[in-house]
Structure formats: C-alpha cells, structure tokens
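Student: okay, here's the prediction I keep looking at, along with the sequence it came from:
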Amino acid sequence: MATPAVELSSVGKVYGYGSSGMIALSDVDLSIEPGRFVSLIGPSGCGKSTLLRIVAGLETADRGTVRVHDVSPDEACAAKLIGLVPQSPALLPWLSVLGNVTLPQKVNKDAGKRRERIGDLAERSGGRVQPDMMELLRRAGLEDAVDKLPAQLSGGMQQRTAIVRAFGLQPDVLLMDEPFSALDEFTRESLQDQLLDLWDELKTTVLFVTHSVSEAVRMSDAVVVMAPRPGRIVDVIDIELPRPRNQRLFAERRFHEYEDLIRDRLHSAWRSTDAA
Ligand SMILES: Nc1ncnc2c1ncn2[C@@H]1O[C@H](COP(=O)(O)OP(=O)(O)O)[C@@H](O)[C@H]1O
Ligand SMILES: [Mg+2]
C-alpha cells in the first residue's frame, strides 16, 4: 500500500494543566491515502481545528505520532508539502488578487530544491511544474478581478482567491478549516464545485473541516465523525457515491441516506457525551 499522505497514531492533545486541563484530542488514529478528499465533522469544541493545526505543524501533539508523507509536520511544512486555507481568507490588503495568489510562489521559488533534500520525496516532486495562475484564476471566475484589491471583493471572491493561492503552491496536502462557513448558500455551492474541479485536476489530498453534513457528503471520499469531551473520532464513513458530484446528486436517495447516517452518528456521540 502507498505511504499515507497523512497518518495520526494515538494522538492526544491537552490544553492547560492538571484538573483544569482540557482534553482537546484523545487517542486519535487516522490514515489518509494520497489523493483522497476527507472531511472532519463534529460539534464545536470537538477538536477539528486542533487536529488540523497539528497536521499543519502549528501545534504539537502531546502524545502519539503524526506523519505527513512519512515526514514530520515541521519537515513537511519546510518542504512546502502543506497548504492551509483558514476560515477567513487572510489576504494581504495592499496586494491585488494576482499579487496575493502569486506571492507564495515568489517567496518559495526554491521550495522545489528544498523538497529534494527530503530523501524519497524528491521523486514525487521532481516533475512538478508551476501552475498557470491566470488560468487558475479564470477557472475560479476571478479573471475580471485580478487587479482588484481584497477590499473591493465580496467575501466569496476573497475566499476563492485564498483557495487559488493555496492550490497555486500545489501542496501535496491541502488543509481547509471551514473555508465556506461564512458564505451564503449559493456562493458556497459554487465554491464547492470549483474546489472539486481543482481537486480532480491537481489530485491533491484534502483534509476539510465542515459543520455541514450535506457539504461533507457531497465533497468527500470519507467523512470522519468527531465528538467532544474528550475530542475524539467516533466513526469514519466512506462515501461511495459516483463522481463528478454535481447538483443532481442532491436529488438522489443515497445522498440523503448518507446524510441521515452521519446525523445519526453525530447524535449518538452527543448522547453518550452527555451521559458521561
Ligand atoms: N489555544 C487553546 N488554548 C486552550 N484551549 C484551547 C485552545 N485551542 C482550542 N482549545 C480548546 O480545545 C477544544 C477543541 O477546540 P477546537 O480544536 O478549536 O475545536 P473545533 O474546531 O472542533 O471547534 C475546545 O474546547 C477549545 O476551547
Ligand atoms: Mg474549529
């Protein structure tokens, strides 16, 4: 079997100390094969962002091991294997859309060279070419906005810019923390389409946090259901629906059966948490 793109074994994380400590993650095992689209879903406080931040190397686990393409998160970050799209787009306000999306490439011109220093990663990254950013912007519907500043854009356009920026680095693993949650439903569905198109083309591994059951079912190869107190994984559900998954999917019975199954798992996890 191929080396997993992301692998967590017995991962634990506690914030604070002693009796006031908060167990953000307890005994988390998760293995994601390269190229898969995997969503994390669960109520607020169940550790979704913590898990993502640990994979991104922004936090360290207190227990267990975390590997990204068989190196540590820090090494993976240094080799620019990881891209992160946070909940708010975090664009630089003084740069145009084009300036924002091309900045990481300028800053990381030598990322390819650094990748090669990480042993067996060299082979995979060797044939990598810089993507055509204008083409990615066009595909994201931003061709008329390339010279605009972030303040001149709607929230949806800002988030599309952030997604294009993340894809532009061609990360092997793209981490997205509720990227669409602040957007209206129409914008959200259109961005889901665009993300699926880009993912299909670039074959990136995606770990995607969402609050929305239907978004998780629509996007994912597998949905990881989490529960709080302590933050943990209660189930991993494979979504065996054909792709491409367009709007017609919403009319299909199997789509709604997956939604019901995930809601059911979320509720039973919630009940067992309350009882504890
Ligand atoms: N930096 C921090 N310091 C203390 N507690 C934190 C910190 N970050 C998260 N937590 C706590 O850890 C738990 C999990 O948080 P988080 O990962 O943000 O959950 P989610 O993203 O699922 O809402 C929550 O109870 C939260 O309050
Ligand atoms: Mg969060």
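Tutor: The structure has been received and is ready for your questions. As the structure is a prediction and not an experimental result, all values here were calculated from the model. Ligands and ions are numbered 1, 2, ... in the order given.
Student: only C-alpha atoms from now on, for both contacts and neighbour counts.
Tutor: Will do.
Student: average model confidence for stretch 131-143?
Tutor: The average pLDDT for stretch 131-143 rounds to 85.
Student: tell me who's in contact with the residue of the stretch 101-250 of the chain found nearest ligand 1.
Tutor: Going by Cα to the nearest ligand atom, ligand 1 is nearest to residue 231 of the stretch 101-250 of the chain, at 6.7 Å. The contact partners of residue 231, by Cα atoms under 8 Å, 6 or more residues apart in numbering, come to 23-26, 45-47.
Student: and residue 29, what does it touch?
Tutor: 7-11, 233.
Student: run the last query once more with 6 Å
Tutor: Applying Cα atoms under 6 Å, 6 or more residues apart in numbering, we find residue 29 in contact with 8-10.
Student: okay, buried residues for the helix or strand encompassing it please.
Tutor: Taking DSSP states H and E as the criterion, residue 29 maps to strand 22-32. By neighbour count on 16 or more other Cα atoms under 10 Å, the buried set for strand 22-32 is 23-30, 32.
Student: can you check stretch 202-210 too?
Tutor: 203-210.
Student: do that stretch and ligand 1 meet?
Tutor: No - judged by Cα under 6 Å from any ligand atom, stretch 202-210 and ligand 1 are separated, with a smallest distance of 8.1 Å.
Student: I'd like the distance from that stretch to the chain centre, please.
Tutor: Stretch 202-210 sits 5 Å away from the centroid of its parent chain (Cα atoms, centre = their mean, to the nearest Å).
Student: please produce TSV containing the buried residues of strand 22-32, extended by distance to ligand 1 and pLDDT.
Tutor: Compiled in TSV, these are given as follows (distance: Cα to the nearest ligand atom, whole Å; pLDDT from 0 to 100):
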residue	distance to ligand 1	pLDDT
23	7	94
24	4	96
25	7	98
26	11	97
27	14	97
28	13	98
29	16	98
30	16	98
32	19	98
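Student: now the residue nearest to residue 246 when sequence neighbours are not counted, what's its secondary structure?
Tutor: Of all residues not flanking residue 246 in the chain, residue 193 sits nearest, at 7.3 Å (Cα to Cα, 6 or more residues apart in numbering). At residue 193 the chain is in helix, as set by DSSP: H, G, I helix; E, B strand; the rest coil.
Student: what's the following helix or strand after the helix or strand of the chain with the lowest mean pLDDT?
Tutor: None of the helices or strands of the chain scores lower by mean pLDDT, DSSP states H and E than helix 121-126, at a mean of 44. Counting by DSSP H and E, the next helix or strand C-terminal to helix 121-126 is helix 133-139.
Student: what's the neighbour count on the residue of the stretch 51-200 of the chain found nearest ligand 1?
Tutor: Closest to ligand 1 within the stretch 51-200 of the chain is residue 51: 6.5 Å, counting by Cα to the nearest ligand atom. Other residues near residue 51 number 25, with proximity taken as other Cα atoms under 10 Å.
Student: buried residues, stretch 207-226. List them.
Tutor: 207-211, 213-226.
Student: tell me how far that stretch lies from the chain's centre.
Tutor: With Cα atoms, centre = their mean, you get 10 Å for stretch 207-226.
Student: just the endpoints, please. Distance across it?
Tutor: For stretch 207-226, the separation between the terminal residues is 14 Å (Cα to Cα, to the nearest Å).
Student: could you give the mean pLDDT of that stretch?
Tutor: Here the average pLDDT along stretch 207-226 is 96.
Student: let's have the chain start at 47 instead
Tutor: Yes, from this point I'll number from 47; that puts the last item at stretch 253-272.
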